[in-house]
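Peer 1: The following comprises the amino acid sequence and a computationally predicted model.
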Amino acid sequence: MGNSATGGCCCFGCDSTPDVPENIIPDPENGEVCEFTIQRCGWTGFSRDCQAFKGLGEAEEANRWLFLNKSGSTWGGNCKMAVENFIREKPDNPKEGQILWEADFVDSPYFQQYLRVPDSAKFGVMLNELGGALGGFGMGMGFQDDDYYYNHGGGWSRDYVCTLFINWTLNTHAKMRTETRQGYGCDLKLGVFASGTAVARYYEVEEHHEERDDEGNVKRRWTTKRWEKDVREYVDIVQFCLVTGNAGPGFQEGQLLALPDGSPAKWQLPGDASDWTQNYDTPYFAVQQEGGWFSKKDKKIITKPMLDPALCLLIGHLGTSEFSAAGIKEAFHPDFPYDPRGAVMMGCLNPSPPPPPVVVVQQPYQVTYVQTNVQYVTVVQQPIGVAQPGMVQPQMVQPQMQMAPQPQVMHQPGYAQPMAQPMGQPMAQPMAQPMGQPMAQPMPQQGMQYAQPYPQGQPMPQQAMPAQPMAQAQPMPQEAPQPPPEAPAADDPAAKLQKLKGMLDAGLIDQDDYEKKKDAILETM
């Protein structure tokens, strides 16, 4: 597609394959902390493909490292995102490099829209009816009170006749696999859930008409009215999780993956995390970006220790592009009626059922991770969203004490191994629940990961000390019983003399008898 490093001429949404750099940088090592600068291919900046440059500085030719290749449908169908290096050895596809990780996803995800009037009571009914079916990965829905949407984003431009609300949810996922990296012994799924709100404020526009004859005289005049509306769209929350894509020894399909600290691989972002620039931290990557309303610089992705940096790069790129709040807004189209006072049916607008749940087994699948000099740091944040008056808020699970690492079994090359279970304890992986049955509940000690704003110019926090196991209560040692004092022996001379003295003092014998008996006792000694 041209001879430049960033590809040739391209139009909006086209593919642009960059040339092979003069010096190919080796693939990142598993567990290595890597820093990437992401830049779109093509001189127009509208290409679907990107390149990952090594480091956080300017994107220079000597630092071109990996290729983020998006292929598939351009108009909302099945797509693929692949992390490729520049080693191209395929005779049948000379422009394709070795694929480190790839993800298949649908570019037009499933949305469910719930049309309602601005009434907090009806809003509560909607949450009670649909919260269980359309909720995220156990981290809440994120909806705000109606006043928030009225006032957020500045004032409105006019007086309005009426207002309608749409609360929407998104459910989708990306299937991820690798054939060249260590992996986890199975395919993976990156689950994505988002919720948001759209507000339409209606007003009437009068149009005056007149009919004239051939001489230009007005024959009649009349007035018509039509409906117009101002619409604002909000993404309230975006949630992610990483689960197993298929069943295998010791794990079930749809089982949450465990992070290096033992906690489940799920996190969430506020809906405005990518309105302008993206600066936040997650369990798999941190992103930094400078810029403002009119211009944005290239985003920087920093991967986490003990994890595969190629996988972290793929998750980070999808999370900051296809599944970012900005990308979700681009794919969402609120289905407001033309006439708000006509025969409008309130409630769910999408007759199709939502896709099957991504998370089937909540108990995390414990795997081994590469041990590095840099320790993994847990990302913890308070749940997003505050309960508002008149709202029904789903229960939010607060982060709990992290699970202590379990002993690991011997590593076998090629895939990660499940953690060994203590003797006498049941296996940690419950069986998948049949359709219609309650999902497996998380273990009480599992903490939840929440993305948090990334502090610009600040060092990464140090690794927190792992929670120490609680000491078990031990029974207090019992004091040995003391033997009773021994009775004086019958032939003890001292006892006899003491008894004899007592008889003298009591007047039972006289002094002569006492002296005779005393002399007799002393002679026996």
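Peer 2: Received it, and whenever you're ready, just let me know what you need. Residues are numbered from 1 along each chain as shown.
Peer 1: in what helix or strand does residue 111 lie?
Peer 2: Secondary structure assignment for residue 111, by DSSP states H and E: strand 110-116.
Peer 1: who does that strand pair up with?
Peer 2: Sheet pairing for strand 110-116, assigned by DSSP bridges, gives strand 162-177 (antiparallel), strand 347-348 (antiparallel).
Peer 1: out of those strands, which comes closest to residue 246?
Peer 2: strand 162-177 (9.8 Å; CB to CB). Every C-beta, even on glycine, is put in place using the N, C-alpha and C of the backbone.
Peer 1: Extract the C-alpha set from that closest one and format it as PDB.
Peer 2: Extracted in PDB, the C-alpha atoms of strand 162-177 (Å, rounded to 0.1, in the frame of the first residue of the first chain):
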ATOM      1  CA  CYS A 162     -41.400  17.200  26.100                       C
ATOM      2  CA  THR A 163     -38.500  14.900  26.800                       C
ATOM      3  CA  LEU A 164     -37.900  11.200  26.400                       C
ATOM      4  CA  PHE A 165     -35.100   9.000  27.800                       C
ATOM      5  CA  ILE A 166     -33.400   5.800  26.500                       C
ATOM      6  CA  ASN A 167     -31.400   3.700  28.900                       C
ATOM      7  CA  TRP A 168     -29.300   1.300  26.900                       C
ATOM      8  CA  THR A 169     -26.900  -1.600  27.500                       C
ATOM      9  CA  LEU A 170     -24.200  -3.200  25.300                       C
ATOM     10  CA  ASN A 171     -23.200  -6.800  25.500                       C
ATOM     11  CA  THR A 172     -20.400  -8.100  23.300                       C
ATOM     12  CA  HIS A 173     -17.100 -10.000  23.400                       C
ATOM     13  CA  ALA A 174     -13.900 -10.700  21.400                       C
ATOM     14  CA  LYS A 175     -12.500 -14.200  21.000                       C
ATOM     15  CA  MET A 176      -8.700 -14.200  21.500                       C
ATOM     16  CA  ARG A 177      -6.200 -16.800  20.600                       C
END
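Peer 1: Work out the gap between the very next helix or strand once past it and the centre of the chain.
Peer 2: The helix or strand immediately downstream of strand 162-177 is strand 188-212, counting by DSSP H and E. Taking CA atoms, centre = their mean, to the nearest Å, one finds strand 188-212 lying 31 Å from the centre of the chain it belongs to.
Peer 1: Tell me the strands beside strand 188-212, with direction?
Peer 2: In its sheet, and by DSSP bridges, strand 188-212 pairs with strand 162-177 (antiparallel), strand 218-244 (antiparallel).
Peer 1: sorry, back to before: take the strands paired with strand 110-116 and write them to a markdown table, including distance to residue 94, mean neighbour count and mean pLDDT.
Peer 2: A markdown table is the format used below for the strands paired with strand 110-116 (distance: least, CB to CB, whole Å; neighbours: other CB atoms under 10 Å; pLDDT from 0 to 100):
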| stretch | distance to residue 94 | mean neighbour count | mean pLDDT |
| --- | --- | --- | --- |
| strand 162-177 | 23 | 21 | 95 |
| strand 347-348 | 49 | 14 | 90 |
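Peer 1: from memory residue 221 sits against residue 207, does it?
Peer 2: No - taking contacts as CB atoms under 8 Å, residue 221 lies outside contact range of residue 207: 11.7 Å.
Peer 1: pLDDT of the strand holding residue 111, averaged?
Peer 2: Averaged across strand 110-116, pLDDT comes to 92.
Peer 1: Going forward, count from 59.
Peer 2: Taking 59 as the first residue, the last one we looked at is strand 168-174.
Peer 1: Could you check it and say which residues are buried?
Peer 2: Applying a neighbour-count criterion of 16 or more other CB atoms under 10 Å, the buried positions in strand 168-174 are 169, 170, 171, 172, 173, 174.
Peer 1: Restricting to C-alpha, output it in PDB.
Peer 2: Only the C-alpha atoms of strand 168-174 are listed here, as PDB (Å, rounded to 0.1, in the frame of the first residue of the first chain):
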ATOM      1  CA  TYR A 168     -25.700  -5.900  20.500                       C
ATOM      2  CA  PHE A 169     -27.500  -2.900  22.100                       C
ATOM      3  CA  GLN A 170     -30.700  -3.100  24.100                       C
ATOM      4  CA  GLN A 171     -32.600   0.200  24.400                       C
ATOM      5  CA  TYR A 172     -35.300   1.000  26.900                       C
ATOM      6  CA  LEU A 173     -37.500   3.900  26.000                       C
ATOM      7  CA  ARG A 174     -39.100   5.800  28.900                       C
END
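Peer 1: Low-confidence ranges, the stretch 109-258 of the chain, go.
Peer 2: The model of the stretch 109-258 of the chain has pLDDT under 70 over residues 134, 178-194, 196.
Peer 1: residue contacts, residue 318?
Peer 2: For residue 318, the contacting residues are 363, 364, 365, 427, 434, by CB atoms under 8 Å, 6 or more residues apart in numbering.
Peer 1: Residue 171 now?
Peer 2: Contacts of residue 171 by CB under 8 Å, 6+ apart are 224, 225, 226, 392, 393, 406, 407, 408.
Peer 1: Identify, from the contacts of residue 318, the entry nearest to residue 233.
Peer 2: residue 365 (19.0 Å).
Peer 1: how many neighbours does the closest one have?
Peer 2: Using other CB atoms under 10 Å, residue 365 is surrounded by 24 other residues.
Peer 1: now it, what's its secondary structure?
Peer 2: coil (DSSP: H, G, I helix; E, B strand; the rest coil).
Peer 1: And it, how far from residue 167?
Peer 2: When distance is defined by CB to CB, to the nearest Å, residue 365 is 26 Å away from residue 167.
Peer 1: All the strands of the stretch 59-208 of the chain, residue numbers only.
Peer 2: Under the criterion DSSP state E, counting those that start in this stretch, the stretch 59-208 of the chain contains strands at 93-98, 108-112, 122-130, 136-142, 157-164, 168-174.
Peer 1: so which of those strands is the most packed in?
Peer 2: The highest average neighbour count among the strands of the stretch 59-208 of the chain, using mean count of other CB atoms under 10 Å, belongs to strand 108-112 at a mean of 24.
Peer 1: Tell me the helices and strands packed up against that one.
Peer 2: strand 93-98, strand 122-130 (3 or more CB pairs under 8 Å, 6 or more residues apart in numbering; DSSP states H and E).
Peer 1: re the thing from before, dump the strands paired with strand 246-270 into JSON lines; add distance to residue 355 as well.
Peer 2: Formatted as JSON lines, those follow (distance: least, CB to CB, whole Å):
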{"stretch": "strand 220-235", "distance to residue 355": "26"}
{"stretch": "strand 276-302", "distance to residue 355": "22"}
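Peer 1: between the ones you listed, which one is nearest to residue 143?
Peer 2: strand 220-235 (16.5 Å).
Peer 1: Now do that closest one: distance to the chain's middle.
Peer 2: Using CA atoms, centre = their mean, the offset of strand 220-235 from its chain centre is 17 Å.
Peer 1: How about stretch 229-239?
Peer 2: 16 Å.
Peer 1: Please apply the same query to stretch 123-140.
Peer 2: 24 Å.
Peer 1: ok, residues contacting that stretch?
Peer 2: Contacts of stretch 123-140 (CB under 8 Å, 6+ apart): 71-73, 75-76, 83, 94, 96, 106-112, 141-144, 154-155, 157-166, 232, 368, 371-372, 375-376, 380, 389.
Peer 1: From residue 341, how far off is the residue nearest the centre of the chain?
Peer 2: The residue lying closest to the centre of the chain (CA atoms, centre = their mean) is residue 325, at 1.6 Å. Counting by CB to CB, the separation of residue 325 from residue 341 is 6 Å.
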